[in-house]
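Trainee: Whatever this is, show me its structure:
(chains A and B)
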Amino acid sequence: MNYSKEELRTRKITFDIIKKVLLYSFLIIGVVITFVPFLYMFLLATRSRAEIFSSIFSLMPGQSFMDNYEVLISNVPIWRNLFNSIFISTTATILTVFFCSLGGYGFSKYNFKFKNKLFFSMLATMMIPGLLSIIPWFIMMNFFGWMDTFYPMIIPGIANPFGIFLMTQFMNSIPYDVIDAARIDGCGEFEIFLRIVLPMSKSGVGALSVLTFLGSWNLLMQPLLILQSSDMWTIPVALTKLADQAGIDHGAAMVAVIIAIAPIIIAYVIGSKSIMKGIMEGATKG
Amino acid sequence: MKSNNNSGISDKFRLNKKVAPYVFISPFFILFLIFGLFPILYSFFLSFNSWDGIGQMSFVGLDNYAYILTDGWFWDSVQTTVIIFVLTTIPQHVFALTLAFILNSSYVKFKDFFRTSYFLPYITSAVAIALIFDVLLGTRSGLLNAFLIWMQQLPPIEFLFQTFQFDLPARWLGEPRLIRFSIAGLVTWRFTGWNMLIYFAGLQTIPRSLYEAARVDGASIRQVFTKITLPLLKPVIFFGVTMSIIGNLQLFQEPFVLVGGAGGTGRAGMTTAMYLFRTGFHWRQFGEGSAMAYVLCIFIIILSLVNKKLFSGGGLNEL
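Mentor: Numbering: from 1, shown residues only, chains lettered A, B, ... in the order given. Below is the predicted model of the structure:
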């Protein structure tokens, strides 16, 4: 009896180990698949055209990084494009966070007529496919004289339903007492928002900032339509034009890709916690 | 706190408590009227007209719709879109759910590391990634073919390739059949992490006590997964699949960069969104483009309704 009990125990332990090995291999294969394209990108950026097209695969980096870089900057004004992307994304983020927080505050901390109807109709607009309005949108931008300017990438999205929804969720946890106390002290409604509610919603502001910045940074169709001169291109537009060139220079393209995603990856490493939190809040409370 | 002596300007603009919320939420509604609702209505109007944006606009009734619905290229693009949608949505959600389930279990350590890693592809720009995949999927010198040729040395893999008549090196971006797999692969790579996070968030809301009760009753992992996790996650699955429908039926960036605006060999990579883009902005057929947008929108609504039928209900409330 004792022996078989012992045997059962060892069996259970071996079974546990096998299970763990299987689980971890699955997870690790996933990580490898995730990282390989990025490592490949760094590898290719250092290789010459001939090295990239040779059919022998090797893991050794080449020595042509600077040559690839020279080819890149002779083709597209990539640093100017990087500046444009940073400018558009930063401006869009600041304005979006301000107006979405304001809207979130309105929905979260006030009771007013038609509140629920307005809130749900706002949420419903999130389901409208963006393609439905792209052609008239383009005609309008033309009509406004906004072609080849940054406005179309910034203004239309600064008070978007996702952002307002997210901020409403975060602000729901702010107690009413704080706001009432401020009101008694003679604070105006807007002042309460700016001095009390906004500073108390830091984690929401963080999450929304990162998500807005990413969304703006990765936008393609709109800037592709609007930004015509190469000095106005954003990074994704520059990359697309690079890919369109006949006989694309892959090494140079990879240098451009590194310039395009390095800032994002750095921002991600710094802010990954608040991004995850933001998305998870948005998904579960929705 | 604040004294009452900040009169003047700030008093003039001081908001009444009754009016304030309307002022605060008004930016969304004003912007939506201008940049959302108006273009949608204008698009509807355009879909009954013929216009190149410069010349005279002429009313053509339902001609644009009739043209699209009998246009072979349009239906090709719909087929391409639906094939890519199926090829990416199913693996995305299956992998995402599996990863989330594993990461939510108590067996695994380094959860933060795995989650952060899987989510990385989502944050990187689609264009940049498509350029990397362009090289990675190259026929002669691409990494994927190099890996597959290496794998082929193993007899079982070689046998597998032979039975399916899969010849190496494969032309991932040249052969129409493979182009769609390539695009779907890229999209799956980018969005699995996002879905994983959504599912992970959903799993966190399921009370631990339920799992413990199941364990006491001697349920196996598979039973826990199919009897507890899946039914309770139904609302989250519904949300995730809805997002996949809206996103993948409008798929544009990835194929646009991977195979080019013309859609690649035999237009095998031309999604409906790309065809719309080409019709509207390359050929300047605003009317037909708008009609196409409405037809696509109807497809999205139909698929969403099917999805609702499949996944609505469930959740904690129904237990």
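
Trainee: burial count for residue 202?
Mentor: Picking chain A for this. 11 (other Cβ atoms under 10 Å in any protein chain shown). Backbone N, C-alpha and C define where each C-beta goes, glycine included.

Trainee: Chain B, not that one
Mentor: 25.

Trainee: tell me which element the closest residue to it other than its chain neighbours is part of?
Mentor: Nearest non-adjacent residue to B:Gly202, counting by Cβ to Cβ, 6 or more residues apart in numbering or on different chains: B:Val236, 3.4 Å away. For B:Val236, the element it lies in under DSSP states H and E is helix B:230-248.

Trainee: Can you say which helix or strand has the nearest residue to A:Phe170 once chain neighbours are set aside in it?
Mentor: Residue nearest to A:Phe170 in three dimensions, not counting chain neighbours: A:Gly204, with 3.0 Å by Cβ to Cβ, 6+ apart. Taking DSSP H and E as the definition, A:Gly204 sits inside helix A:202-218.

Trainee: what is the rounded mean pLDDT of that helix?
Mentor: Averaging pLDDT along helix A:202-218 yields 88.

Trainee: that older thread, which per-residue confidence value corresponds to the residue nearest to B:Gly202?
Mentor: For B:Val236, the model assigns a pLDDT of 88.

Trainee: Could you give the number of residues near it?
Mentor: Around B:Val236 there are 26 residues (other Cβ under 10 Å).

Trainee: ok, back up a step: didn't the residue nearest to A:Phe170 look like it was pressed against A:Leu166?
Mentor: Yes: with contact defined as Cβ atoms under 8 Å, A:Gly204 reaches A:Leu166; the gap is 6.4 Å.

Trainee: Check the chain and tell me which residue is nearest its centre.
Mentor: Looking at chain A here, since you left the chain open. Most central in chain A under Cα atoms, centre = their mean is A:Leu214, positioned 2.3 Å from the mean C-alpha point.

Trainee: hm, I was asking about chain B
Mentor: B:Gly247 (3.1 Å).

Trainee: Nearest spatial neighbour of that residue, chain-adjacent residues omitted?
Mentor: That would be B:Phe191: by Cβ to Cβ, 6+ apart, it lies 7.7 Å from B:Gly247.

Trainee: Same question for B:Phe256.
Mentor: Nearest one to B:Phe256, counting by Cβ to Cβ, 6+ apart, is B:Met274 at 5.8 Å.

Trainee: If you tally nearby residues, what's the number for the one you found?
Mentor: Other residues close to B:Met274 by other Cβ under 10 Å number 25.

Trainee: from memory it sits against B:Pro255, does it?
Mentor: Yes: using Cβ under 8 Å, B:Met274 is in contact with B:Pro255, at 6.1 Å.

Trainee: Overlap of the contact sets of those two?
Mentor: Residues touching both B:Met274 and B:Pro255 (Cβ atoms under 8 Å, 6 or more residues apart in numbering or on different chains) are B:Gly263.

Trainee: Could you tell me how many residues sit around B:Trp172?
Mentor: 22.

Trainee: pLDDT score assigned to it?
Mentor: pLDDT, B:Trp172: 91.

Trainee: for B:Phe13, same thing?
Mentor: 63.

Trainee: Mind giving me the packing neighbours of the longest helix anywhere in chain B?
Mentor: If you go by DSSP state H, chain B has its longest helix at helix B:72-104. Under the contact definition 3 or more Cβ pairs under 8 Å, 6 or more residues apart in numbering or on different chains; DSSP states H and E, helix B:72-104 sits against helix A:2-45, helix B:111-123, helix B:176-204, helix B:230-248, helix B:272-277, helix B:286-311.

Trainee: what about 10 Å?
Mentor: If you count contacts as 3 or more Cβ pairs under 10 Å, 6 or more residues apart in numbering or on different chains; DSSP states H and E, helix B:72-104 packs onto helix A:2-45, helix B:63-69, helix B:111-123, helix B:176-204, helix B:230-248, helix B:253-259, helix B:272-277, helix B:286-311.
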